[in-house]
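Student: Have a look; sequence and predicted model below, questions after that.
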Amino acid sequence: MIDHISVGVSDLDRAAKFYEATLAALGLSRLVTRPRTVGFGKAYPEFWINLREAMPRVPPESGVHICLRAKTTSEVDAFHAAALSAGGASDGAPGIRPHDRVRYYAAFVTDPDGNRIEAVTFPSE
């Protein structure tokens, strides 16, 4: 249903390094580089970062997050580890999240600007 998304970042080079490492765990790579934007994806850019120099850090109470699909729990684990190694922060360690109607495995991170990103998969057992 959603074709692509974008997030604002205050430092394009720093964010590009963070997302190159973090998104690689989910099979996405840098496909487009422009002076004020970078696009990541598999076949075409699905995830964009856009330079907003004066942007303040995204407050945790904003409630906004972006969730990306992983194929396996190992990919979720790798996403989380890569994000932490690349300067992000954990906002929910990898693990099972049981809910009323669905059981899923996810991890949450924040990028250096405070954007909250999740990776999720739905294990069969």
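Tutor: Structure's in. What do you need?
Student: neighbouring contacts of the strand or helix carrying Ala15?
Tutor: Assigned by DSSP states H and E, Ala15 belongs to helix 12-24. Under the criterion Cβ atoms under 8 Å, 6 or more residues apart in numbering, residues 9, 29-30, 33, 36-38, 40, 47, 49, 51, 68, 79, 82-83, 85-88, 109, 111-113, 117 lie in contact with helix 12-24. Backbone N, C-alpha and C define where each C-beta goes, glycine included.
Student: hmm, 7 Å instead?
Tutor: By Cβ atoms under 7 Å, 6 or more residues apart in numbering, the residues outside helix 12-24 that reach it are 9, 30, 36, 38, 40, 47, 49, 51, 79, 82-83, 85-88, 111-113.
Student: Could you do stretch 61-78 as well?
Tutor: Under the contact criterion Cβ under 7 Å, 6+ apart, stretch 61-78 has outside partners 5, 7, 25-26, 79, 94, 105-108, 116-121, 123.
Student: again with stretch 109-118
Tutor: 7, 9-10, 14-15, 18, 55, 57-59, 64-68, 80, 83, 87-91, 106-108.
Student: And the average pLDDT for the longest strand along the chain is what?
Tutor: Longest strand of the chain, by residue count under DSSP state E: strand 89-98. Averaging the model's pLDDT scores along strand 89-98 yields 94.
Student: swap in stretch 17-33?
Tutor: Mean pLDDT, computed over stretch 17-33, is 98.
Student: What segments of the chain are strands?
Tutor: In the chain, the strands defined using DSSP E lie at 5-9, 29-34, 37-41, 45-51, 65-69, 89-98, 103-110, 116-121.
Student: Same list (those strands) but as a markdown table, adding mean neighbour count.
Tutor: Formatted as a markdown table, the strands of the chain follow (neighbours: other Cβ atoms under 10 Å):
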| stretch | mean neighbour count |
| --- | --- |
| strand 5-9 | 18 |
| strand 29-34 | 12 |
| strand 37-41 | 20 |
| strand 45-51 | 19 |
| strand 65-69 | 15 |
| strand 89-98 | 14 |
| strand 103-110 | 20 |
| strand 116-121 | 21 |
